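Engineer: Next one to model:
(one chain, ligands or ions: 2)
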Amino acid sequence: MKRILTCIAAALPLAMYADGTDPAAETGSPENIIPEPLIVEMQEGVFTLPEDGTASYYIEGDAAEALEEYLAQTDTGLRPAGKPAEACILIEIRGKALKKAALQGKTDEAYRMEITPDKIKIRAEGEAGAFYALQTLMQMTRGGKAGQLECCRITDSPRFSYRGLHFDVSRHFRSKEFLMKQMDAMALVKLNKMHLHLTDGAGWRIEIDGYPELTRLAAWRPYEKWTDWSGDPVYCLQSAPGAYGGYYTKDDIREIVSYAALRHIEVIPEIEMPGHSEEVLAAYPELSCSGEPYRNSDFCPGKEATFTFLENVLDEVMEMFPSGYVHIGGDEASKSGWKDCPDCRRRMQEEGLEDVDELQSYLIHRIEEFVGSRGKKIIGWDEILQGGLAPNATVMSWRGTEGGIKAMKSGHDVIMTPSEYCYLDYTQDAPFKEPTSIGGYVPLAKTYSYEPVEQGITEEEASHLLGVQGNLWAEYITQDSHAEYMYYPRAFAIAEIGWSKAGEKDYEGFRTRALGLAGQLNAMGYKTFDLRTEYGDRKESQAPVEHLAKGCKVTYNIRYTDQYPASGDGALTDGICGGWTYGDKKWQGFFSDADVTVDLGSVKPIHYVGATFMNAAGAWVHIPQKMEVYVSDDGVDFRPAGTVWQDISEKHGFIFFKQYSLVCNEKARYVRVYARRATKPGACLFIDELVIN
Ligand code: ACM
Ligand code: ZN
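Structural biologist: Numbers count the residues shown, from 1 in each chain. Ligands and ions are numbered 1, 2, ... in the order given. Take a look at the predicted model:
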């Protein structure tokens, strides 16, 4: 924030009272706002909103109807005034009312607001700007007491046009009331895109007239808990005892999008293809390669029936949502049925497609053309780059930022949502004190630290960066209150990255503002993560560990995976232990057993060999069945020094750490450690350090 003090006397309200309390805490201040406004000029004095319910506003200018309707619907206590002279808030909406010089980016969401001791004046080019000025005002008012606001002049506009939050209503259906409640919180922090993940294996969530089985069968399952259902992933009729699920009717969608429109939120529907489609293929198995339910997870791109289905569904969806976008998913297709499917093989031959990636790209291209023929554009997860990107597709980059950068460089629009910063389903604090999560570790500070325009990106490339989004996948999030707990306060950081200008980050300042705003949300009935009780990262990861093997050479009898190398060949003896997530580049991963030999340089007494393994069951990360230790003087002949067995029960939960420690009495130069991975399918191993003493 560019904070300009126009007058020395204006500093007065910021002075301390004799008792040491801060008078600014009594008055709502623009300095506590999230996202931070572009320019704040502090002025002399305080404005006090009348307490007797007579606070009123008057709107002059264009297109005020929606704003009036919003104010009538919302608990602001503001009432319309008959004429400007009677109003304490004057809102002027006029195209081109603002001088562009001081503003960043597009100005249709920009506003100027002047708070003087006797009036609040808002000027904006369009309704969105006036709406955001009111959101700033609401945060200031709720942040102060007795309607007192510090006088100031605010000039504000967003850095990015896309500032989104994602809602996975497939894994657990959420009511329309829940979505609307979240829209109010989104609006308060100037988030303007709601991405609805409406379809996935766990349930289809939108009424489609042409395909009634989608909501008769594919929207319901016999288990509430994801972990129960994923062991027996079947669907049931709504009428079945214990059926769990739900869907939005067309009327529900109409309500959702009109509630969103009044809050300047665009609702973007996602219809997943070709993967994550088990629920459709259970209801309409003829759209799969095998033609049988419960066999394939991907649509068959070889069959014309697939395209007929997708186009009919998309036609109904596009009619329901006014957004110019449809998200078509595109992530994590297994493509496993395609190679042996005669229809897919014929399609590949006819279209000259080299491999299954190109077959996926064929499907995405066709769908993009279809959506384009209806005057809309597609967004897809970054896997849509595989096999060639469709010409007008926007890429949503989640597997890091490389996909997004590649797309930007080829002139495609991009929305950044890299999982290591923007995945709000990752735990936000120490796993031992948090609800079960899929894994990962994304504390508020991590999300806040994200800068979407990476070094080396040109201005022209960056012009394709539409903005950022926070994603909340809901496999482990059954309850609405749990979902809110995961969104806030991290959604505040997404909002600030999306709106406020780039520059030096001040996490402590942001955290203080986030604490204040979370308090406001709590008072409004939202559940939020409590930053005051944050534990922080794993203590072991915060200082190097000293031991006999530190800096010693490691030979890999089985190599680590290139996806999780940590610091590479020296990682297991670099003295650096990992944090709460295997993704923090301190944990080394093995998609196999692990087998390494450490050379201590000379024969030395050894009385301890230990390694900590991580368990994150939601990500197939498991502690090993056993760790065997061998020692040798010459690196050729090894003798067993001992074996440590996995000895803990399943009830440990999803995310935990287990130290495998061998106390021995050996003398040797070489220590070989072999860890056998768990028997669970796809199990992998993560180790941070081999400690030898
Ligand atoms: C994703 O997280 N599979 C987009
Ligand atoms: Zn097929």
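Engineer: Quick one: name the residues of the stretch 301-450 of the chain near ligand 2.
Structural biologist: Contact residues (CB under 5 Å from the ion) of the stretch 301-450 of the chain with ligand 2: Gly302, Cys341, Asp343, Cys344. (Each C-beta comes from the backbone N, C-alpha and C, glycine too.)
Engineer: Is there a quick PyMOL command that grabs whichever of those are buried?
Structural biologist: Here is the PyMOL command that selects the buried residues among those (16 or more other CB atoms under 10 Å):
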select buried, resi 302+341+343+344
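Engineer: Now the residues of the stretch 301-450 of the chain next to ligand 2 in JSON lines, please, with extra columns for pLDDT.
Structural biologist: What follows is those, written out as JSON lines (pLDDT from 0 to 100):
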{"residue": "Gly302", "pLDDT": "98"}
{"residue": "Cys341", "pLDDT": "98"}
{"residue": "Asp343", "pLDDT": "98"}
{"residue": "Cys344", "pLDDT": "98"}
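Engineer: Which of the residues of the stretch 301-450 of the chain next to ligand 2 fall within helices?
Structural biologist: Asp343, Cys344 (DSSP state H).
Engineer: Pick the one among the residues of the stretch 301-450 of the chain next to ligand 2 closest to ligand 1.
Structural biologist: Distance to ligand 1, by CB to the nearest ligand atom, is smallest for Cys344 among those, at 22.6 Å.
Engineer: can you pull the contacts of the nearest residue to that closest one once chain neighbours are set aside?
Structural biologist: Leaving aside its sequence neighbours, Cys344 sits nearest to Gly302 (CB to CB, 6 or more residues apart in numbering; 3.7 Å). Each residue near Gly302 by CB atoms under 8 Å, 6 or more residues apart in numbering is listed here: Cys289, Trp338, Cys341, Pro342, Asp343, Cys344, Arg345, Arg346, Arg347, Met348, Leu359.
Engineer: try Asp425
Structural biologist: Ser437, Ile438, Gly440, Asn471, Leu472, Trp473, Ala474, Glu475, Tyr476, Ile477, Met486.
Engineer: quick one: which of the residues you listed has the most company?
Structural biologist: Met486 (27 neighbours; other CB atoms under 10 Å).
Engineer: looking at it, that one is touching Gln428, isn't it?
Structural biologist: Yes: the pair Met486 and Gln428 qualifies as a contact (CB atoms under 8 Å) at a distance of 7.2 Å.
Engineer: Filter the contacts of Gly302 down to the buried ones and hand me the PyMOL line.
Structural biologist: The following PyMOL line selects those of the contacts of Gly302 that are buried, judged by 16+ other CB under 10 Å:
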select buried, resi 289+338+341+343+344+347+348+359
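Engineer: Any chance of CSV for the contacts of Gly302, columns distance to Gly388?
Structural biologist: Shown next, in CSV, are those (distance: CB to CB, whole Å):
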residue, distance to Gly388
Cys289, 22
Trp338, 16
Cys341, 21
Pro342, 24
Asp343, 21
Cys344, 17
Arg345, 19
Arg346, 20
Arg347, 15
Met348, 14
Leu359, 11
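Engineer: which one of the contacts of Gly302 is nearest Ile378?
Structural biologist: Minimum separation from Ile378 among the contacts of Gly302 (CB to CB) is found for Leu359, which lies at 17.4 Å.
Engineer: So the closest one is in contact with Arg347, correct?
Structural biologist: Yes: counting by CB under 8 Å, Leu359 does reach Arg347; the two are 6.7 Å apart.
Engineer: any common contacting residues for the two?
Structural biologist: Pro301, Gly302, Leu353.
Engineer: what sits in contact with each of Met486 and Gln428?
Structural biologist: Both Met486 and Gln428 are in contact with Phe529, where contact means CB under 8 Å, 6+ apart.
Engineer: helix, strand or coil for the closest residue to Ala483 other than its chain neighbours?
Structural biologist: Nearest non-adjacent residue to Ala483, counting by CB to CB, 6+ apart: Ile477, 5.1 Å away. Secondary structure of Ile477, reduced to three states by DSSP: H, G, I helix; E, B strand; the rest coil: coil.
Engineer: With distance to ligand 1 added, can I get the shared contacts of Leu359 and Arg347 in a markdown table?
Structural biologist: What follows is the shared contacts of Leu359 and Arg347, written out as a markdown table (distance: CB to the nearest ligand atom, whole Å):
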| residue | distance to ligand 1 |
| --- | --- |
| Pro301 | 19 |
| Gly302 | 24 |
| Leu353 | 24 |
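Engineer: Could you let me know which of the residues you listed ends up closest to Ala185?
Structural biologist: Pro301 (39.3 Å).
Engineer: my guess is Asn109 contacts Ser157, does it?
Structural biologist: Just to correct that, residue 109 is Glu rather than Asn. Yes: using CB under 8 Å, Glu109 is in contact with Ser157, at 6.3 Å.
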